[in-house]
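> The sequence and its predicted three-dimensional model are supplied below.
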Amino acid sequence: MHPMLNIAIRAARKGGNVINYDFDNQNIFLKNKIEHSKKLEKTIFFSYKIMKNIILQTYPNHYICKIDEKFKKNKEKNIQWLINPLNGIENFKNNLPHFCISIAVIINFRLEISVIYDPLKNELFTAVQGRGAQLNGYRIRCNNDHIQKKIIIAINQPFNSLQHITYYQEIFKNFLIENIHFRCTGSKMLDFAYFSSGRLDGLFYFNLKNVYDNYMAGILQVQESGGLIRNFSEENILFKKNSILVGNSSCLKKIFRNT
């Protein structure tokens, strides 16, 4: 196993312990929104701090940043760690048990290692560039059934702009006609992991911010499990775009026909 992957796994599990504990004990704060928000901020902060300290104990010269920071500002660092201490914040806030931690390792500006950890289910999704993807140590592949009739894809909630709502509704209507069904789970990183393990047939996301920076861990999982990532022009993903498609070849063809 890659030595940095070992450290990433250790960090994710320790951060997961913090997330788990606070999830189980957050009910006392739910009645007071201000206290609940402050508690959530502390949870995210301590989870990130614990993971960062574990990494720095072994690799003190590596650059580490949180998902909402711009790691590319530190181009002098050859090895950079990008951490999302809690993906699925709204789920967490509402006591919905579907969220995760993710870690991506970039070596010489190349995405090399990915860890996505669901602390409640104790499911650990990992990927190393050129070595495939795994779930709890077992090799996984995306669903490559090209003759399946029913397709399930994960979507986000794109209706932040009312002027485009008619367009989105038309797309979703066409999906249903083609027997394409959709799920909005509230944790995009787990969607990537679930696609990589064959639980979902595709992903279709609109209006994302910092597509490449925010979803690197998921992107590597998809690539190493045999999935394809495209934009609306049906070319390899352009990270300046704000919408992406993930799936196998037959799934993507169906989606493109209806967008």
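Everything's here; your move. Worth saying up front: this structure is predicted, and the values here are computed from it rather than measured. Residues are numbered from 1 along each chain as shown.
> Name the residue closest to the centre of the chain, please.
residue 189 (1.7 Å; C-alpha atoms, centre = their mean).
> Could you tell me how many residues sit around the residue nearest to it when sequence neighbours are not counted?
Of all residues not flanking residue 189 in the chain, residue 87 sits nearest, at 4.1 Å (C-beta to C-beta, 6 or more residues apart in numbering). The C-beta positions use only the backbone N, C-alpha and C, and glycine is treated the same way. Residue 87: 26 surrounding residues under other C-beta atoms under 10 Å.
> So which residues of the protein form strands?
Remark: strands assigned in the chain by DSSP state E are 63-66, 79-87, 100-107, 110-118, 123-128, 132-135, 138-140, 151-155, 180-183, 202-205, 228-230, 244-247.
> Next up, the contacts around residue 122.
residue 136 (C-beta atoms under 8 Å, 6 or more residues apart in numbering).
> what pLDDT does it get?
Among the per-residue scores, residue 122 holds a pLDDT of 95.
> for it, phi and psi?
phi 60, psi 40 (degrees, to the nearest 10).
> and the gap between it and residue 48?
Residue 122 sits 20 Å away from residue 48, going by C-beta to C-beta, to the nearest Å.
> how big is the angle separating the lengthiest helix in the chain from strand 100-107?
Assignment by DSSP state H gives helix 33-58 as the longest helix of the chain. Angle of helix 33-58 versus strand 100-107, following axes from the mean of the first three to the mean of the last three C-alpha atoms, to 10 degrees, is 40 degrees.
> surely the residue nearest to the centre of the chain meets residue 98?
No: under the criterion of C-beta atoms under 8 Å, residue 189 makes no contact with residue 98, lying 10.8 Å away.
> what residues are shared contacts of these two?
By C-beta under 8 Å, 6+ apart, the residues touching both residue 189 and residue 98 are residue 88.
> Lowest-scoring secondary structure element of the protein by mean pLDDT?
The least trusted helix or strand in the chain, going by mean pLDDT, DSSP states H and E, turns out to be helix 249-257, with a mean of 68.
> Kindly report the domain assignment for the protein.
Per the record, the chain has its domains at 3-140, 151-257, by automatic domain parsing.
> hey, least reliable of these by pLDDT?
domain 151-257 (a mean of 76).
> Residue 154 and residue 138: what is the separation?
Taking C-beta to C-beta, one finds residue 154 at 22 Å from residue 138.
> right, I mislabeled it, should have said residue 19
24 Å.
> Of these two, which one has the most company?
residue 19 (23 against 7).
> The more buried one and residue 45: what is the separation?
On the measure of C-beta to C-beta, residue 19 and residue 45 end up 12 Å apart.
> Overlap in contacts, these two.
residue 85.
> Give me the distance from stretch 102-120 to the chain's centre.
Centroid separation for stretch 102-120 versus its chain: 10 Å, with C-alpha atoms, centre = their mean, to the nearest Å.
> Please identify the buried residues of that stretch?
102-106, 111-119 (16 or more other C-beta atoms under 10 Å).
> swap in stretch 45-56?
Neighbour count says stretch 45-56 has 46-48, 50-52, 54-55 buried, by 16+ other C-beta under 10 Å.
> likewise stretch 216-233?
So, applying 16+ other C-beta under 10 Å, buried residues of stretch 216-233: 216-225, 227-231.
> OK, contacts around residue 150?
Counted by C-beta under 8 Å, 6+ apart, residue 150 has contacts 179, 181.
> Return the distance of it relative to residue 181.
Taken as C-beta to C-beta, the span from residue 150 to residue 181 is 7 Å.
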